[in-house]
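In: Next one to model:
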Amino acid sequence: MPVILQKAWLFLPELSYLGMALALFFISLARRPDTARTQRWALAMALVAVAAAAVAAGGEGLLFWGAYRVDLFSQVFKLILTVATALVFMICRDLSGVEDRYHPEFFMFLSTCTLGMMLMVSSVELMSLYLALELSSFSLYILVPLRAGDDIDVEAAVKYLFIGITASCVMLFGMSYLFGATHSLYLRDIVAELPLLIHQPAAVVGMLLLLSGFFFKLAVFPFHFWAPDVYQGAANQVAAYIATASKAAAVALLIRITGLTGGTNIYLTDVLIVFCVVSMCLGNLVAIVQKGIKRMLAYSTIAHAGYVLMGVLTMTAGGYAGSIFYSLAYMIMNYAAFMVVVVVAAGGRNLNISDLAGLHRRSPLLALTLMIALFSLAGIPPTAGFTAKFLVFAAAMQQGYFWLVLVGMINATVSLYYYLMVIKAAYLDEPANPQEPITLSLPMRLLNYGLILAMVYLGLWPQHFLAVCDQAVRRVLGGGA
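Out: From the prediction side, this is the model:
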């Protein structure tokens, strides 16, 4: 095979999304674009991108003068990202929550955001990593204020923009520290130098500042302030995308960057433990008092970021593999919850928990999907969420963090309360006014069945995907940075 075709094969998932973004750009130039047709084209191209990511999953190599690494680790996350984006496109048939004139741009910026995150997970040079992060971030900054209706979207977008820019500047400052300490922007050189320098203050500070950009994406304390307002202010489909796809990219970069230290720095571990504990406690305790379903899910996201950090801070192959599995499980179960919100929220409005009253009568299938998703988020067996929590807890126990696991288990118990309040509203509460039944199309019913099956299957038989996660992590820890 010619060299140019080999390189294109390695870059196939990114090329598919680049082509999708360009096609949607030209569609947006039409004077009166057909929204339904645009959604169908976008979904078809997203499914092609999923196939491209699956086909290219076995590829390995370096591109762009060694600044871009394609390996099993990056390809696993690209597959997760393409699946998450395709799932979001599936619930975009009714975009009443987005201004009509911006529908083509909505799909285009979702595509460019996914492209940026795919570039992030393969970038092994700091400036390439930064540019990829900015491409995905600015696409989201544009998506948030596209919501139709009141001005809450503008307020959320401004807050998101300013906090995001601050996090990016802090991350860039951290990169300068690492460059000054190691005299290189390439992660392979930093891998060789950093374990020898990690006990120096400049290296530790640089690493923490660098990680702040990914903490922002993951909504980890103290970079979590944007999440509740952005979830509330963004259109429901945009909130679903932020809550699923962007989290997976952040976990990938956290694993790749923390893996550079070799797990030898106690100060970095201590900081991650503090962030982990505070994120879990803050997210779960504040979620209890929320009345809006999206704000509750936002604080739940902060808590789950703490659970993911528990696997990352172990800096072992088992902990990293557990975090990757947690990313996949969280993407599926959180998407399932947001999918129900999108379908129930007529006109793209924000839902209160009380608005779900009587859902089991209006649509038994939606109520079942919501219940399984919330049980999975709470970590109830035999769902994917239970297995994901078990994996990160087990990894922390093996490293001697018994008290940290105890805090995590207490927080998981606390979270069960507010998840049960939502299930109670859907199954036991009576609506204040009579509600019309919700009719689901055949594709939507199949989507619900598929999500339920996925959450149960990953809970009962996680070994196949977990084996892939373990192989991917060992590529990174074995010097594949």
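
In: Stretch 339-353 spans what distance, first to last residue?
Out: 15 Å (Cα to Cα, to the nearest Å).

In: Report the rounded mean pLDDT for that stretch.
Out: Mean pLDDT, computed over stretch 339-353, is 82.

In: Same check on stretch 77-85?
Out: Stretch 77-85 comes out at a mean pLDDT of 89.

In: what sits up against it?
Out: The contact list for stretch 77-85, computed with Cβ atoms under 8 Å, 6 or more residues apart in numbering, reads 13, 17, 46, 49-50, 52-54, 56-57, 110-111, 114, 117-118, 121-122, 241, 244-245, 248-249, 251-252, 324, 327-328, 331, 335. In this view, the C-beta of every residue, glycine as well, is placed from N, C-alpha and C.

In: And the lengthiest helix in the chain, what's buried?
Out: Longest among the helix segments of the chain by residue count, using DSSP state H, is helix 152-182. By neighbour count on 16 or more other Cβ atoms under 10 Å, the buried set for helix 152-182 is 153, 155-157, 159-161, 163-164, 167-168, 170-172, 174-175, 177-178, 181-182.

In: circling back: among the contacts of stretch 77-85, which are located in helices?
Out: 13, 17, 46, 49-50, 52-54, 110-111, 114, 117-118, 121-122, 241, 244-245, 248-249, 251-252, 324, 327-328, 331, 335.

In: Name only those of these that count as buried.
Out: 13, 17, 46, 49-50, 52-53, 110-111, 114, 117-118, 121-122, 241, 244-245, 248-249, 251-252, 324, 327-328, 331, 335.

In: where does the stretch 1-150 of the chain have low pLDDT?
Out: Residue ranges of the stretch 1-150 of the chain with pLDDT under 70: 1-7, 33, 148-150.

In: if we go to 80?
Out: Counting by pLDDT under 80, the stretch 1-150 of the chain shows low-confidence ranges at 1-10, 28, 30-37, 57-66, 93-102, 147-150.

In: Would you map the helices across it?
Out: For the stretch 1-150 of the chain, the helices defined by DSSP state H, counting those that start in this stretch cover 3-10, 12-28, 35-55, 72-90, 103-122, 126-143.

In: In terms of pLDDT, where does Val261 sit?
Out: Not quite, residue 261 is Thr, not Val. The model's pLDDT for Thr261 equals 68.

In: Hmm, I typed the wrong one, I wanted Ser415.
Out: At Ser415, the pLDDT recorded in the model is 90.

In: swap in Leu458?
Out: pLDDT, Leu458: 90.

In: Now the closest residue to it other than its chain neighbours: phi and psi?
Out: Take Leu458 and drop its neighbours on the chain: the residue closest to it by Cβ to Cβ, 6 or more residues apart in numbering is Ala384, 3.7 Å away. Backbone torsions of Ala384, given as degrees, to the nearest 10, read phi -60, psi -30.

In: do the same with the one 3 residues further on
Out: Comment: the main-chain dihedrals of Thr387 come out as phi -60, psi -40, following degrees, to the nearest 10.

In: how many degrees apart are the strand or helix carrying Arg474 and helix 72-90 in direction?
Out: Using DSSP states H and E, Arg474 sits in helix 463-477. Orientation note: helix 463-477 sits at an angle of 130 degrees relative to helix 72-90 (axes from the mean of the first three to the mean of the last three Cα atoms, to 10 degrees).

In: Run the chain-centre distance for helix 463-477.
Out: The chain centre lies 19 Å from the centre of helix 463-477; the measure is Cα atoms, centre = their mean, to the nearest Å.

In: repeat for stretch 69-83
Out: With Cα atoms, centre = their mean, you get 13 Å for stretch 69-83.

In: Please tell me how far Thr383 sits from Leu313.
Out: Separation of Thr383 from Leu313 (Cβ to Cβ, to the nearest Å): 24 Å.

In: surely Trp41 meets Ser28?
Out: No. Using Cβ atoms under 8 Å, Trp41 is not in contact with Ser28, being 11.7 Å away.

In: any idea how far the closest residue to Ala132 other than its chain neighbours lies from Ala157?
Out: Distances taken as Cβ to Cβ, 6+ apart place Leu119 nearest to Ala132, at 3.6 Å, with adjacent residues excluded. Leu119 is 23 Å from Ala157, where distance means Cβ to Cβ.

In: swap in Phe338?
Out: 19 Å.

In: just Ser246 next, same as before
Out: Counting by Cβ to Cβ - Ser246 and Ala157 are separated by 15 Å.

In: ok so, going back, hang on, the residue nearest to Ala132 packs against Pro13?
Out: No. Look at Leu119 against Pro13 with Cβ under 8 Å: they stay out of range, at 10.2 Å.

In: what's near enough to touch the residue nearest the centre of the chain?
Out: Centroid-nearest residue in the chain, with Cα atoms, centre = their mean: Lys247, separated by 2.1 Å. Lys247 is in contact with Lys217, Leu218, Ala219, Thr301, Ala305, Val308, Ser327, Tyr330, Met331, counting by Cβ under 8 Å, 6+ apart.

In: What residues does the closest residue to Ser74 other than its chain neighbours make contact with?
Out: Closest residue to Ser74 apart from its sequence neighbours, by Cβ to Cβ, 6+ apart: Ser122 at 4.2 Å. Applying Cβ under 8 Å, 6+ apart to Ser122 gives the contacts Tyr68, Arg69, Val70, Ser74, Lys78.

In: nearest to Tyr130, of the residues you listed?
Out: Tyr68 (13.5 Å; Cβ to Cβ).

In: bridging residues for that closest one?
Out: Beta bridges link Tyr68 to Leu63, Ser123, judged by DSSP bridges.

In: Against Leu172, how distant is it?
Out: Distance, Tyr68 to Leu172, using Cβ to Cβ: 20 Å.

In: likewise Tyr267?
Out: 22 Å.

In: How about Leu272?
Out: From Leu272 to Leu172 the distance is 21 Å (Cβ to Cβ).

In: before we move on, the earlier item: state the number of residues packed around the residue nearest to Leu458.
Out: 29 (other Cβ atoms under 10 Å).

In: mind listing what the nearest residue to Asn334 once chain neighbours are set aside touches?
Out: The shortest distance from Asn334 to any non-neighbouring residue, by Cβ to Cβ, 6+ apart, is to Ala243 (5.1 Å). Applying Cβ under 8 Å, 6+ apart to Ala243 gives the contacts Tyr231, Leu297, Ala298, Thr301, Asn334, Tyr335, Phe338.

In: Pretty sure Ala235 is one of the things the last one touches, is it not?
Out: No. With contact defined as Cβ under 8 Å, Phe338 and Ala235 do not form a contacting pair (11.1 Å).

In: Overlap of the contact sets of the two?
Out: Counting by Cβ under 8 Å, 6+ apart, Phe338 and Ala235 have no shared contacts at all.

In: if you average pLDDT over stretch 364-383, what comes out?
Out: Averaging pLDDT along stretch 364-383 gives 91.

In: ah, wrong one, I meant stretch 202-221
Out: 80.
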